[in-house]
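**Student:** Structure for the following, please:
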Amino acid sequence: MKKLKMKDFEFKQFFIQKGEKVGLWVCVGILVLLVVFTVKDMLGVPSASANADEIQELSKKGKNLIVSSQPTEDIKVVPEQIRKADSPQPVPEQQFAMVHPLFDGGATEDRKWRSPAVLAMWRS
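**Tutor:** Alright, predicted model coming up:
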């Protein structure tokens, strides 16, 4: 019996004749893998009631911690900056003097349309 080599095998002719069946069985194999992994994942997780019980237990622990918590002594000390914040003092203008003002309060806005000044290209 002659041993068949890969270079002697005609893939094109094989897929023309049996390509549909090969593709179908590849898809069936992938489908079976997906079903198996899905069933495995469904059976591996705890039930919904177990999750609900765990959430209830964690919620009760959190509520008990909130109810039984007591502030420490360093929380009672209010920093000086916060104590002064209830009556702020005006900031002197000279402290933040600017070279150019942000707004020109004396001039009114010019709303007339004019052709824009187009500058010519400067060549040296």
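
**Student:** Without its sequence neighbours, what residue ends up closest to F15?
**Tutor:** Excluding its sequence neighbours, the residue lying closest to F15 (C-beta to C-beta, 6 or more residues apart in numbering) is V22, at 7.1 Å. For glycine as for every other residue, the C-beta is placed from the backbone atoms N, C-alpha and C.

**Student:** how about low-confidence regions in this protein?
**Tutor:** Along the chain, the parts satisfying pLDDT under 70 run over 1, 104-109, 124.

**Student:** The spatially most central residue of the chain: what secondary structure?
**Tutor:** By C-alpha atoms, centre = their mean, the chain has its centre lying nearest to I55, at 25.6 Å. Secondary structure, DSSP: H, G, I helix; E, B strand; the rest coil: I55 is helix.

**Student:** what's the distance between it and S68?
**Tutor:** To S68, I55 is 21 Å away according to C-beta to C-beta, to the nearest Å.

**Student:** Repeat that for D74.
**Tutor:** Counting by C-beta to C-beta, the gap from D74 to S68 is 19 Å.

**Student:** What of K7?
**Tutor:** K7 is 79 Å from S68, by C-beta to C-beta.

**Student:** Next: K2.
**Tutor:** Counting by C-beta to C-beta, the gap from K2 to S68 is 85 Å.

**Student:** before we move on, what about A52?
**Tutor:** From A52 across to S68, the span is 25 Å (C-beta to C-beta).

**Student:** Could you do K84 as well?
**Tutor:** For K84 relative to S68 (C-beta to C-beta), the value is 34 Å.

**Student:** for C27, same thing?
**Tutor:** Counting by C-beta to C-beta, the gap from C27 to S68 is 60 Å.
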